[in-house]
Structures are given as C-alpha cells and as structure tokens.
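Q: test case, fold it:
(chains A, B, C and D)
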Number of protein chains: 2
Amino acid sequence: MARRNEHSRDEIRRMALDAAERIAAAEGYGGLSARKVAAAIGYTVGTLYLLFENHGDLILQINGRTLDELYARLETATPPDEQCNPEKTLRALAQHAYIAYVEAESPRWNMLFEHVAGRATLPEWYRHKLERVFGLVEAALRPLVQNDTEACRIACILWAGVQGICTLKIRQRTDLAGGQRAEEMADTLIKNFLIGLTA
Amino acid sequence: MARRNEHSRDEIRRMALDAAERIAAAEGYGGLSARKVAAAIGYTVGTLYLLFENHGDLILQINGRTLDELYARLETATPPDEQCNPEKTLRALAQHAYIAYVEAESPRWNMLFEHVAGRATLPEWYRHKLERVFGLVEAALRPLVQNDTEACRIACILWAGVQGICTLKIRQRTDLAGGQRAEEMADTLIKNFLIGLTA
DNA sequence: AACGCTGAATGAACGCTGTTCAATTGCACT
DNA sequence: AGTGCAATTGAACAGCGTTCATTCAGCGTT
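A: Have a look, this model is predicted:
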C-alpha cells in the first residue's frame, strides 16, 4: 500500500515521538530502534526517514520535549514571590523539581546525555530550550550576584554540580557516597556553595 | 587454522585491551566493535568471546584501566606534605590532574559513563578501583571534616560536582556557561564549597 | 612413525541495527 | 478512464553482538 494519506506529516511526527518516548521509557535508550517506532505507529522504517533526518535527530527531538517538561516542572517549583529566599528557591528547584523528575523519568533524563551527538553542534532551537532551563536557575541566583553575566557563570557551575549528583544517583553509585540520598547531597552542595558565594 | 598457540591467553587479553583502547581513542565508544578489535590483533571475533564475557565486559576492563590511570595521575598531583592546605590540594586534584586527564583522554573518560551497564551491579574489583580514586579526594578533605564517614559523604558531593563540570566541558556546552574554562568552573565550585564547609 | 586426543581458533550463521532508494500504489485531477 | 503525482513501502546493504559446530596444530601414547 502507498499513499494512504491517513495522517498529516505533523501527525505522524507526533505519533512517532509519542511512541518513541513510550519505548524509551520501557526499554531504555538502547532498546529504542527505528523499526520498533515504525511498527508502533503502523508505518515502516522508510516513512520515519522522511520525518527525521536520522536516528540522532529523533533522539534530539525527544530530548527537546524532555527539556520542555523539565522546564515546566522547574517553573512550577519556583515560588511566585521573587523576593523569596534564593537558597530556598534553589533547593526547591534541585530537590522537588529536578531530582524528582530525574527519579520519575530516569530513562528519559538519561537520554539527554546518552546521545553523544557525534561532535555536531547543537541546533539553535535545542540550545534555546537548554538555556531556558538554565535560565530558571540563573534567575533564582540573580539576587546573590553582581550582574547577569555572573549569574550565568554561577548557575552553570552550580547546576553542573547537581547534574553530577543525579548522574551518580542514576548509575546507582550512591553507595559510594555512604548511601546518601541525592536530595541530601544536592542540599549540602547548594547550602555550602551559597555560603561561599555570599561570604 | 586452529591452535596457533602463538600467544598465551593473558597475552591476547592484553593485546585486545591495548587495541581496543587505541580504537576507542581514535573513533570513540561508538566505533569500538568486537570485529575491529579482533582484526587489529590478528584474531577473529570468536576468540574475543573466549577472553571476555561480552562487549560490556570488554568495556568494563578498559574502564578499569582508565580508573587506574586516573588514580596514578591524581596521586602524583597530591602533594607529599599531608599538612598542606586542603583547598590547594583539592584544586590541584581537580585542575591539574582530573580535568587535564579528561581533556587529554576525553573519549576514554567518556567511556566511563557511556557504558550504562544495564542495571547490573558493578563487580567488586571495579568498585574497588572507583573507591580508590574517590579515596584521594576523601583524604584531601579529611582535615576539614569531623570523621571518615563525613569525609566520604563530602568527597562524593564535591567530586560529583567536578564530574558534572567535566561532562559539560566534554559535551562542548561550556558556551552555555559564558565560555568559562572547566578549570575556572571547578575552581569556583571548590572554593565556594569549602568556604561553606568550614564556616 | 603413526595414531588419537585435546583444546585453541575459526568463521559461518542468527537476529538485530541504521540507512537508502527504486518500485509500488492510492488519490486527485483532467 | 486515464494520467501524473507523491506518499509509502520493503528489500537491500553494511555493520553490529553473540553463539557454536567444525577444524586442525601440537602433544602424549603406542
């Protein structure tokens, strides 16, 4: 059969991404193949390659969605009151939003890093989504630093730290850390770092 | 041909690991296949499976060697004088040893994390090598904390942070951090964290 | 010297992967 | 009804990890 015209290009795209997310959540990054995605949406591999440049592109699209979810989650965790205690905000971001998401959706979060992107530069739209997430951390930090540039620098450092802790958690190596929970670790990191920052 | 007996089992093992390291350094984790390793040492795939349980096992062995190299490098960066300034020691460990290694051998270091190990527990010998590396950080921190348990907890947190920064660096996303160099970032992290710790 | 045993080494085979593209075929239009 | 277009196919390619029946070099025995 050909020319079914049952779904628009965008519909198929959405179906494919939905299916891919389901598969990745169930079987992890390694178990996510083009043929499985195609079968799940009732099309064939060839069709997928009309919608996505290649496997890496598919992954990147999913990661884009993940970043959106992450942003939404972090945003709701940011207290509306801008005058709120920055430390409290940052700890809330790390614990109740970021780490909670990582634990709930670890295969998805993992995929953000497992796809190594073979040295190719990240596309503009993806960088934008990344920066939007970092931006929330930046905003929370803003009252504690001199200017925006400084906020960006510090936010990246601090969040790289939180990511490192999450990686440790996901790779189930928290036993190396004396069985601490990721939340405690992030708490300690943020607390001490901020003391140093404001000293 | 069969039964060449040109090399002992251990010799072939060593040859295979050497070749695999060379391939991984040149083509990255993705380009490292059993067939390539076999061809590089003049044997066939089947032989490799007499020496390694599976692909993951081969990677794990290489990672073991990487951890050894990392340990050696970190150790020479530790000043002999135990009374030395802990902050200086930690910054030396991070900058001149860890980050320098990561930059020089980024495909190898990356492999420590790219191989996800499919939820299987790490073997004892590997855990030991890991702990040995963390131990150096722990030792440097020891003068600043109450007891060994605390040193372990803090070392893991701080080093997770350094790893996060290295990940950012390797994934070429330091532009997100306003173009900071990894060394500066680690410096800032360690400095501020230690201020908080000793406050 | 000839034999058989043993185990080191092979390499074909299996089912999977990403990726491509000539061929097919349903739909819209004349 | 016929024609052209383009959406969709699915076979093909090269490569992957993994297995295992088969082969055969070298040794000990006769």
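Q: and the helix or strand bottoming out on mean pLDDT in chain A, what's buried?
A: Ranked by mean pLDDT, DSSP states H and E, the weakest helix or strand in chain A is helix A:106-114, scoring a mean of 92. Using 16 or more other Cβ atoms under 10 Å in any protein chain shown as the test for burial, helix A:106-114 gives A:107-114. Any C-beta I mention is one placed from the backbone N, CA and C, and that applies to glycine too.
Q: filter these by proximity to chain B?
A: With Cβ under 8 Å from any Cβ of the partner chain as the criterion, these include A:110, A:113-114 near chain B.
Q: now do the helices in chain A.
A: Using DSSP state H, the helices of chain A run over A:9-27, A:34-40, A:45-51, A:55-77, A:86-92, A:100-104, A:106-114, A:124-141, A:148-170, A:182-198.
Q: so where's chain A shaky on pLDDT?
A: Applying pLDDT under 70 to chain A flags the ranges A:1, A:81-83, A:117-120.
Q: from chain B, how far out is the closest residue to DNA strand D within it?
A: The minimum distance from chain A to DNA strand D, using Cβ to the nearest atom of the strand, falls at A:Gly46 (2.2 Å). From A:Gly46 over to chain B the distance is 24 Å, taken as Cβ to the nearest Cβ, to the nearest Å.
Q: and what of A:Cys156?
A: 4 Å.
Q: what of A:Pro80?
A: In terms of Cβ to the nearest Cβ, A:Pro80 sits 26 Å off from chain B.
Q: and for that residue, the neighbour number?
A: A:Pro80 is flanked by 5 other residues according to other Cβ atoms under 10 Å in any protein chain shown.
Q: need the contact list for A:Glu6.
A: Listed by Cβ atoms under 8 Å, 6 or more residues apart in numbering or on different chains, the contact set of A:Glu6 is empty.
Q: list the buried residues for stretch A:63-81?
A: Neighbour-count burial for stretch A:63-81 flags A:63-64, A:66-67, A:70-71, A:73-74, A:77-78 (criterion: 16+ other Cβ under 10 Å).
Q: dump the ones next to chain B among the buried residues of helix A:106-114 to CSV, plus distance to DNA strand D.
A: Listed next are those as CSV, based on distance: Cβ to the nearest atom of the strand, whole Å:
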residue, distance to DNA strand D
A:Asn110, 20
A:Phe113, 21
A:Glu114, 16
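Q: quick one, phi/psi of A:Arg173?
A: phi -110, psi 20 (degrees, to the nearest 10).
Q: hang on, it packs against B:Leu130?
A: Yes: judged on Cβ atoms under 8 Å, A:Arg173 makes contact with B:Leu130 at a distance of 7.4 Å.
Q: and those two? Which one has more around it.
A: When A:Arg173 and B:Leu130 are compared for neighbours, B:Leu130 comes out ahead with 19 against 16, by other Cβ under 10 Å.
Q: residue contacts, the more buried one?
A: With Cβ under 8 Å, 6+ apart, B:Leu130 has these contacts: A:173, A:176, B:67, B:122.
Q: ok, the third one - contacts?
A: Taking Cβ under 8 Å, 6+ apart as the contact definition, B:Leu67 lies against B:112, B:126, B:129-130, B:132-133.
Q: go on, the last one?
A: Residues counted as contacts of B:Leu122 (Cβ under 8 Å, 6+ apart) are A:173, B:130.
Q: and it, how far from B:Trp109?
A: 17 Å (Cβ to Cβ, to the nearest Å).
Q: domains of chain A?
A: A:1-52, A:61-198 (automatic domain parsing).
Q: please convert these to a markdown table, extending it with distance to B:Glu27.
A: What follows is the domains of chain A, written out as a markdown table (distance: least, Cβ to Cβ, whole Å):
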| stretch | distance to B:Glu27 |
| --- | --- |
| domain A:1-52 | 19 |
| domain A:61-198 | 11 |
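Q: which one of these is the most hemmed in?
A: Greatest average neighbour count among the domains of chain A goes to domain A:61-198 (a mean of 18), per mean count of other Cβ atoms under 10 Å in any protein chain shown.
Q: stretch A:22-32 close to chain B?
A: Yes: using Cβ under 8 Å from any Cβ, stretch A:22-32 comes into contact with chain B via A:28-30.
Q: residue numbers of chain A in contact with DNA strand C?
A: Counting by Cβ under 7 Å from any atom of the strand, the residues of chain A close to DNA strand C are A:1-5, A:32-36, A:45-46, A:49, A:54-56.
Q: can you do 10 Å?
A: A:1-6, A:20, A:23, A:27, A:30-39, A:44-50, A:52-59, A:118 (Cβ under 10 Å from any atom of the strand).
Q: mind listing what the closest residue to A:Ala100 other than its chain neighbours touches?
A: In space, and not counting its chain neighbours, A:Ala100 is closest to A:Arg73: 7.7 Å by Cβ to Cβ, 6 or more residues apart in numbering or on different chains. A:Arg73 makes contacts with A:97-98, A:100-101, as judged by Cβ under 8 Å, 6+ apart.
Q: which of those sit farthest apart?
A: A:Tyr98 and A:Ala100 (7.2 Å; Cβ to Cβ).
Q: go ahead and flag the most central residue of chain A.
A: Central residue of chain A (Cα atoms, centre = their mean): A:Leu67, 4.4 Å from the mean position.
Q: tell me how far that one lies from A:Ala139.
A: Where A:Ala139 is concerned, A:Leu67 sits at a distance of 17 Å (Cβ to Cβ).
Q: again, but for A:Lys129
A: For A:Lys129, the distance to A:Ala139 equals 16 Å [Cβ to Cβ].
Q: and what of A:His96?
A: Taking Cβ to Cβ, one finds A:His96 at 17 Å from A:Ala139.
Q: one more: A:Asn63?
A: Going from A:Asn63 to A:Ala139 by Cβ to Cβ gives 23 Å.
Q: residues in contact with the spatially closest residue to A:Arg127 that is not a sequence neighbour?
A: Excluding its sequence neighbours, the residue lying closest to A:Arg127 (Cβ to Cβ, 6+ apart) is B:Leu176, at 7.7 Å. B:Leu176 is in contact with A:127, A:130-131, A:134, A:156, B:168, counting by Cβ under 8 Å, 6+ apart.
Q: how distant is stretch A:132-145 from the center of its chain?
A: Mean-position distance between stretch A:132-145 and its chain equals 17 Å (Cα atoms, centre = their mean, to the nearest Å).
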